[in-house]
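Enquirer: Quick one: sequence and predicted model below, then my questions.
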Amino acid sequence: MRGLRNRLQGMGRRFAGVGVVGLAILVILAIGRVSGIEARPASAGEATPGRTIHVDPDTLYPWSYPVGERMEYSVTWEGIRLGSGSLSVEAIDSIQNRAVYRVALEMEGGPPFYRVEDRIVSWIQPDPYRSLQFAQNQKEGNYRRNRKIVLDADAQTYTRFDLKDGEYVQHSNEADIPIPPDALDEISYLYMVRLLPLDVGQRYEFDRYFKEDGNPATVEVLRREEIRVPAGRFNTIVLRPEVATDGMFGEGGEAEVYLTDDEFRIPVRLKTSLIVGSGNMFLTGYDPGEGGELIAPAKTDAGVGVQ
């Protein structure tokens, strides 16, 4: 236990503010089930190895995650259960006079010496696909962060606000910073992966993160595999995510995401390995949010361009 404690504390110092366990949840949950409208085809056949597809958000399948969709997970580290997490589509809000989905990631747990309580929220416009606001309320060991990022879709800039004395105050060094067109935050970026064909052998590349040092991110589709998790036995398709930053999915970290090999693509497992140890997340429950509200989709088919 002492060795695990030292590894987790070291991990917390190295990745404070990133949310190591929370980031794990983000990645696995971002590639989840499509529900509510026309289903996409299951992954078909073996794709050409090494082929890279550059993803344009305007050519994705339409958003189809209704208000009320919720996924629940257990988190383990070095075989010890540390906590639980969930991702849910909470509501339809209005941001910058645009209809957006409010998607919330919540997680809690950890050993007594490194407790984690995170809530991360993204406000996502489905068409054109982009993020308009992103908020983090994180408690990870001794680390605290409470801030929001406003992504101005018209000016193509972002501004950071920090919570102080109950009010959000503009950060002096992060105001009106240029962003790519239709920029994305962590949650909306990963939700975009849910809308891809994900054929075995393909490598998908993204470069829409609102901070330049987070680009590019890639997802490689590795193989098919049958696995069992607390929620049941599933035929899965296995992905390897990578990001252009240090940490769990950047240099020095390896991860694999398992999602059901069908039109629903329910994420059922994430396993990750770091220098400080290895962890898993397992699907424990899923609510499709049947009958939940959807913003009317603007298109019914999609494609991706090959570079």
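Expert: Thanks, I have it.
Enquirer: Please enumerate the helices of the chain.
Expert: Taking DSSP state H as the test, the helices found in the chain are 2-15, 20-29, 186-192.
Enquirer: List the residue ranges of this structure that fall below the pLDDT cut-off.
Expert: 1-51, 56-59, 243-253, 274-276, 297-307 (pLDDT under 70).
Enquirer: chain center to the strand ranked longest in it: distance?
Expert: Assignment by DSSP state E gives strand 80-95 as the longest strand of the chain. Distance, stretch centre to chain centre, for strand 80-95: 11 Å (CA atoms, centre = their mean, to the nearest Å).
Enquirer: Which other helices and strands does that strand contact?
Expert: In terms of contacts (3 or more CB pairs under 8 Å, 6 or more residues apart in numbering; DSSP states H and E), strand 80-95 is packed against helix 20-29, strand 70-77, strand 98-109, strand 116-126, strand 277-287. Glycine gets a C-beta too; all of them are placed from N, C-alpha and C.
Enquirer: Could you rerun that using 10 Å?
Expert: Strand 80-95 is packed against helix 2-15, helix 20-29, strand 70-77, strand 98-109, strand 116-126, strand 129-140, helix 186-192, strand 277-287, with contacts defined by 3 or more CB pairs under 10 Å, 6 or more residues apart in numbering; DSSP states H and E.
Enquirer: mind listing what's buried in it?
Expert: 82-89, 92, 95 (16 or more other CB atoms under 10 Å).
Enquirer: same thing with stretch 221-240?
Expert: Neighbour counts over stretch 221-240 (16+ other CB under 10 Å) mark 221, 229, 231, 234, 236-240 as buried.
Enquirer: Put together CSV for those, with distance to Pro111 on each row.
Expert: Formatted as CSV, the buried residues of stretch 221-240 follow (distance: CB to CB, whole Å):
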residue, distance to Pro111
Val221, 35
Val229, 23
Ala231, 25
Phe234, 30
Thr236, 30
Ile237, 33
Val238, 29
Leu239, 29
Arg240, 29
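Enquirer: Tell me the one among those nearest to Ile149.
Expert: For these, the minimum distance to Ile149 (CB to CB) is 26.5 Å, reached by Leu239.
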